[in-house]
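K.L.:
Prediction below, plus the sequence it came from.
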Amino acid sequence: MAETRIHVIPVGVSLWNNVRNEPSRLTDEGGVRWSEFKRFSEQLSLSHNSPTEDRESEQTTEGRINDFLEKKETENTKSLEKLNDFLPPNRLKTDATAELSTFRSVTGGIRLKDRDTVLFLVSDSASAKYAALWSALALTGGERGRVRYLTNPAENLPELKHHVTIARIPELDIAATEQFRRAMRQLGRVGKGLLEMLAHRPERNAVLTFHLSGGFKAYIPHFQGLAEALRTATSPNNVEAYMLHEHSERGGPIPIPLRSVNREAMFEEIGQVTDGFLARKPNSQKRSFEGFAYERHESTGPSGKPTETYRLTPFGEAIMEITR
C-alpha cells in the first residue's frame, strides 16, 4: 500500500519575487508582466519587499481569503478575483515557487493526491499568506473547496484530511526573542495537532513529511527542530524531511537527517518547568540538552552574589508543548 503523507510546508514569498524578477518561470503561457501586476497588487501588499511593510489585520486577511474560497462576490474579494484572472493558480509551472518545486520533487507532481494532506505554515506577512493561498490552489488544480485557512490551527488540525490547509503562526517573522518564543510555542501546539492527525489516521503507514526549501530561510533550523521533536514524540518511521537545492532543475529531493531525542533522559535532566524556567538546576552532570532545550543565564542577585537561572530555548518551548 502506498504511503499516506501529511506534508508540512513553511511558505515564503518566492512567488511574488518571481513575478517581479523572473515572470517567464510562472506559467506555460509565458508568464506575466510586472507592470500590469503592480496595478492591482498594492491592495494585497504583494509588491512590498519587507514583511513589516505588508501588514494588514488578520481579520481583513481571514475575511478576504475565506470569502474568496467560498466564491462570494464581495468588495473584499475583487482584488483576489483579478489576481485569479491574471495569474490562474492551476496554470502555475512546477518551478513557480520554492514550495511547488519541492512538492514536485517529493511527490512527482504538483497536484495533491486524494490520500494526502498538506499543511502550509505562514507568518503574519500578508504577502506570505496570499502566496500560500496561490500555492494551495495550484496543488488542488484551482479547486477552492479543498483549501482551508485557519487563524488558530492547533485547535482544528485533527479533523482536516485530504485538504490543503493554510495555518497562520503569529509572530513567526519577528526577530525579537520573546515574540519568537511565543511563535515557537504555537508551533509546538501545531506539532501536537499533527500527532493527533497521525493518531486519527486508520492507515498505519501515514508519514509526516517536512519540506524545508520554502519559507523564511532563517527558520529552517527551527522547522527541522520541530520535525525532530515530532520524531521524538512518535516513531522514526513516521517523520521525514527534505530539501531541494535551488539550482537543481530536475534533481531529486535531499533527505535531511533527523535526530530522535531520548525523552525520558531529557525530562529527567530538565525537571519541572514554570513559565519557561526550570524549577531547579539540571539533574545531570553531562547536561546533554543544555544549549539545545534550555540555556543557562547568569545574573547578580539582590545580595550582589551571582545567581544562575535556566530557561527553555525557543526550541525547548516547542518540545514541551508537543510532549506534555
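P.N.:
That came through, no problem. Numbers count the residues shown, from 1 in each chain.

K.L.:
Return the helix or strand in this structure with minimum mean pLDDT.
P.N.:
Across the helices and strands of the chain, mean confidence by mean pLDDT, DSSP states H and E is lowest for helix 34-41: a mean of 63.

K.L.:
what helices or strands is the helix or strand following that helix leaning on?
P.N.:
Later in the chain than helix 34-41, the nearest helix or strand by DSSP states H and E is helix 58-69. Secondary-structure packing of helix 58-69 (3 or more Cβ pairs under 8 Å, 6 or more residues apart in numbering; DSSP states H and E): helix 78-86, helix 126-139, strand 147-150. All C-beta spots, glycine's among them, are computed from the backbone N, C-alpha and C.

K.L.:
who's in contact with whatever helix or strand comes next after the first one?
P.N.:
Reading on from helix 78-86 to the C-terminus, the next helix or strand found by DSSP H and E is helix 98-107. Contacting residues not belonging to helix 98-107 are listed as 5, 7, 9, 11-12, 14, 92-95, 110, 113, 116, 118, 120, 135, 138-139, 209, 211-215, 242-244, 246, 248, 251-253 [Cβ atoms under 8 Å, 6 or more residues apart in numbering].

K.L.:
CA atoms only: put helix 98-107 into PDB for me.
P.N.:
The C-alpha trace of helix 98-107 is given here as PDB (Å, rounded to 0.1, in the frame of the first residue of the first chain):
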ATOM      1  CA  ALA A  98      10.200  27.000  -3.900                       C
ATOM      2  CA  GLU A  99       7.200  25.300  -2.300                       C
ATOM      3  CA  LEU A 100       5.900  23.800  -5.500                       C
ATOM      4  CA  SER A 101       9.300  22.800  -6.700                       C
ATOM      5  CA  THR A 102      10.000  20.800  -3.500                       C
ATOM      6  CA  PHE A 103       6.500  19.300  -3.600                       C
ATOM      7  CA  ARG A 104       7.000  18.100  -7.100                       C
ATOM      8  CA  SER A 105      10.400  16.600  -6.300                       C
ATOM      9  CA  VAL A 106       9.000  14.700  -3.300                       C
ATOM     10  CA  THR A 107       5.700  13.500  -4.800                       C
END
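
K.L.:
Kindly calculate the angle that that helix makes with helix 126-139.
P.N.:
Computed by axes from the mean of the first three to the mean of the last three Cα atoms, to 10 degrees, the angle separating helix 98-107 from helix 126-139 equals 30 degrees.

K.L.:
and the helix or strand following helix 98-107, how far out from the chain's middle?
P.N.:
Note on helix 98-107: by DSSP H and E, the next helix or strand toward the C-terminus is strand 117-122. In terms of Cα atoms, centre = their mean, to the nearest Å, the centre of strand 117-122 is set 6 Å apart from its chain centre.

K.L.:
So which residues of the stretch 101-250 of the chain form helices?
P.N.:
Along the stretch 101-250 of the chain, counting by DSSP state H, counting those that start in this stretch, helices occupy 126-139, 177-200, 220-233.

K.L.:
List the buried residues in the longest one.
P.N.:
Taking 16 or more other Cβ atoms under 10 Å as the basis for neighbour counts, the residues of helix 177-200 that come out buried are 180-195, 197-198.

K.L.:
Likewise for the last one?
P.N.:
Residues 220, 222-233 are the ones in helix 220-233 that count as buried (16+ other Cβ under 10 Å).

K.L.:
per-residue confidence for G30?
P.N.:
In this model, G30 is scored at 56, pLDDT.

K.L.:
How many neighbouring residues does N262 have?
P.N.:
N262 has 12 neighbours, counted by other Cβ atoms under 10 Å.

K.L.:
From M184, how far off is it?
P.N.:
21 Å (Cβ to Cβ, to the nearest Å).

K.L.:
got it, and V8?
P.N.:
Computed as Cβ to Cβ, the V8 to M184 distance reads 15 Å.

K.L.:
Check Y149 too.
P.N.:
22 Å.

K.L.:
On the pLDDT front, check T107 for me.
P.N.:
Looking at T107, its pLDDT stands at 91.

K.L.:
Find the nearest non-adjacent residue to T27, please.
P.N.:
R91 (4.7 Å; Cβ to Cβ, 6 or more residues apart in numbering).

K.L.:
Low-confidence ranges, the stretch 51-200 of the chain, go.
P.N.:
Flagging of the stretch 51-200 of the chain using pLDDT under 70 yields the residue ranges 51-56, 154-156, 158-159, 173-177.

K.L.:
hey, what's the nearest residue to L150 once chain neighbours are set aside bridged with?
P.N.:
Once flanking residues are discounted, L150 sits nearest to A167: 5.1 Å by Cβ to Cβ, 6+ apart. Beta-bridge pairing for A167 (DSSP bridges): L121, L150.

K.L.:
State the distance from A167 to P89.
P.N.:
From A167 across to P89, the span is 19 Å (Cβ to Cβ).

K.L.:
returning to that earlier point: packed most tightly, which of the helices and strands packed on helix 58-69 would that be?
P.N.:
Mean neighbour count (mean count of other Cβ atoms under 10 Å) peaks for helix 126-139 among the helices and strands packed on helix 58-69, with a mean of 27.
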